[in-house]
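>>> Generate coordinates for the sequence data below:
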Amino acid sequence: MSAKFVPYQNEADVLHIGGLTVENRLDRITISGDIDLTADRAGLDDARALRQLLADVVAQLEKQTLPDKLQPPDHTIVANPFE
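Purely as a prediction, here's the structure:
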């Protein structure tokens, strides 16, 4: 796992583990895609990267005072500039 990916630090970092895309946000980590943890060295490398990612996420969350439930983000609808 990249040393620069610090969970909840910014809105820019993206990490790829196998077929997963991990997006860094200030209030959440978004994981999308799929992954096969195969019984080979590549699968072991991916499993270790996932384990490290989750350990880093837990460590960052444990440092914070957390609400019981995060409120959903506000959405703003804007006019389509192409119409």
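>>> I'd like to know how many residues surround Gly19.
Neighbourhood size, Gly19 [other CB atoms under 10 Å]: 11. For glycine as for every other residue, the C-beta is placed from the backbone atoms N, C-alpha and C.
>>> ok, the closest residue to it other than its chain neighbours - how many residues close by?
Spatial nearest neighbour of Gly19, chain neighbours left out: Gly33 (4.6 Å); criterion: CB to CB, 6 or more residues apart in numbering. Neighbour count for Gly33, taken as other CB under 10 Å: 11.
>>> how near is Gly33 to Thr21?
Distance, Gly33 to Thr21, by CB to CB, to the nearest Å: 5 Å.
>>> Also Glu62?
From Glu62 across to Thr21, the span is 25 Å (CB to CB).
>>> more neighbours, these two?
More neighbours surround Thr21 than the other of Glu62 and Thr21, with 13 against 8 (other CB under 10 Å).
>>> Let me know the helix or strand that Val57 is in.
Element membership of Val57, judged by DSSP states H and E, is helix 41-62.
>>> Which strands or helices does that helix pack on?
Counting contacts by 3 or more CB pairs under 8 Å, 6 or more residues apart in numbering; DSSP states H and E, helix 41-62 packs against strand 14-17.
>>> could you give the mean pLDDT of the strand it packs on?
Computed over strand 14-17, the mean pLDDT rounds to 97.
>>> After it, which helix or strand is next?
As assigned by DSSP H and E, the chain's next helix or strand after strand 14-17 is strand 20-24.
>>> In that next one, which residues are buried?
20, 22, 24 (16 or more other CB atoms under 10 Å).
>>> same check, this time on stretch 52-71
Residues 53, 56 are the ones in stretch 52-71 that count as buried (16+ other CB under 10 Å).
>>> and what of stretch 4-20?
For stretch 4-20, the buried set under the neighbour-count rule, 16+ other CB under 10 Å, comprises 5, 7-8, 13, 15, 17-18, 20.
>>> residues in contact with that stretch?
1-2, 21-29, 31-37, 46, 49-50, 53, 56-57, 60-61 (CB atoms under 8 Å, 6 or more residues apart in numbering).
>>> what's the neighbour count on Leu50?
Leu50: 18 neighbours (other CB under 10 Å).
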